[in-house]
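S.K.: Here is the input, now give the coordinates:
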Amino acid sequence: MKGKRVEVTPLFEKAKIDSHNIFITETKGMYPYKEKIEDNWAYYTAVGLKELNKIFEKENKNIIDIGIVGICSGVEGIAVLLIMKNTKKLIITDVDADILKGTVYNLKHAVPQSPIIFIPLVGSFCEPIEEKNYLVDFVHANIPNLPATGEEDLTKGAEKGTFLKPDLYQKYNPPLKFTQWALGAQYAYLQSAKKILRKDASVITELGGRVPISIVKDLFKECGLTFSEVIVGFKEQTEALIDFIGYSAFEKEYDVSFEFYKYEEGKSILKKNNIENPTVKISGEKIKKLLEPCKVSAQEALKLHKRGVAVGHTVHLFRGVN
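M.R.: Residues are numbered from 1 along each chain as shown. Reported below is the predicted structural model:
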């Protein structure tokens, strides 16, 4: 497999997940692994999956079949292999068939002794899983939120991880109360997930907490899902310029204000309050309240970025049960 060989062992070590030395191969178009572990969404995924596994055990749920939507390089899938030992089938999707080839390669080489069956499917949201009539015990996704304008290069991993073609979610007719907060794709994902879940199964979405939690709760309610939060964290905004420009456009068009935070000030607040990053001991709403003194809008974040000031956002793993 041609590509850049990257060691991801430090991510699993920091997440306190037992593993051997693990390498992945980043092929063209994959979202790049970040040297600073806290900059990787997959780090929060790994910690979140550990907590989710504990929840499933308490609920006496036997997790056999799992779906991961938009898997990209496969680090999230590797976390599943290392944590959820009873898994028999891992269905992985991406909009890019070439990326999926690299993903399967990474999964098979990272945990070669795994007996899990890998099923790669090409498509958006949970649609290819539904088309094949598969059902899962839980499905996970980290969906791009910003609609592509046509000016982006969606062959690049960073832009592919930030933008998606709006027609992919518009066919689900997301209400304005969600699209004005750039949650149209989240609405589509949750609606599509419901079609592949077994009874009392779970849908997990990873979401940057740039919107009020009340809006997210309403989103899950609208989609007919029981809402809960698995973990919450805080990270610096990566791909900062394109994100701030994208969210600023929503602020101007819909008169909303997204919730970003001055990064260094935010880190200091969490440290002062002895809050681990990520954490299960305090809710996202309470963390947002603590971070209120350093909150800025997307337009303010864009100005700070141009001055070289780092800006961050909260990170959440939200769970919905059907």
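
S.K.: show me what contacts Gly233?
M.R.: Contact analysis of Gly233 by Cβ atoms under 8 Å, 6 or more residues apart in numbering lists Glu38, Tyr44, Val47, Asn277, Pro278, Thr279, Thr314, Val315, His316. Just so you know, the C-beta spots here come from the backbone N, C-alpha and C atoms, and that holds for glycine as well.

S.K.: Which of these sits closest to Asp94?
M.R.: Tyr44 (19.7 Å; Cβ to Cβ).

S.K.: Packing partners of the strand or helix carrying the closest one?
M.R.: In this structure, Tyr44 sits in helix 41-58 according to DSSP states H and E. Helix 41-58 sits against helix 9-14, helix 75-83, strand 136-141, strand 197-208, strand 226-236, strand 311-321, with contacts defined as 3 or more Cβ pairs under 8 Å, 6 or more residues apart in numbering; DSSP states H and E.

S.K.: mind listing what's buried in the fifth one?
M.R.: In other words, strand 226-236. Buried residues in strand 226-236, counted by 16 or more other Cβ atoms under 10 Å: Phe227, Glu229, Val230, Ile231, Val232, Gly233, Phe234, Lys235, Glu236.

S.K.: Is the fourth one bridged to anything, and to what?
M.R.: With DSSP bridges as the criterion, the beta-bridge partners of Ile231 are Leu317.

S.K.: Where do the helices of the stretch 101-250 of the chain begin and end?
M.R.: Counting by DSSP state H, counting those that start in this stretch, the stretch 101-250 of the chain has helices at residues 127-131, 157-160, 167-170, 176-179, 184-194, 213-222, 240-254.

S.K.: among the helices and strands of this structure, which has the poorest mean pLDDT?
M.R.: Least confident helix or strand of the chain, by mean pLDDT, DSSP states H and E, is helix 157-160 with a mean of 59.

S.K.: so what pLDDT did Val69 get?
M.R.: pLDDT recorded at Val69 is 97.
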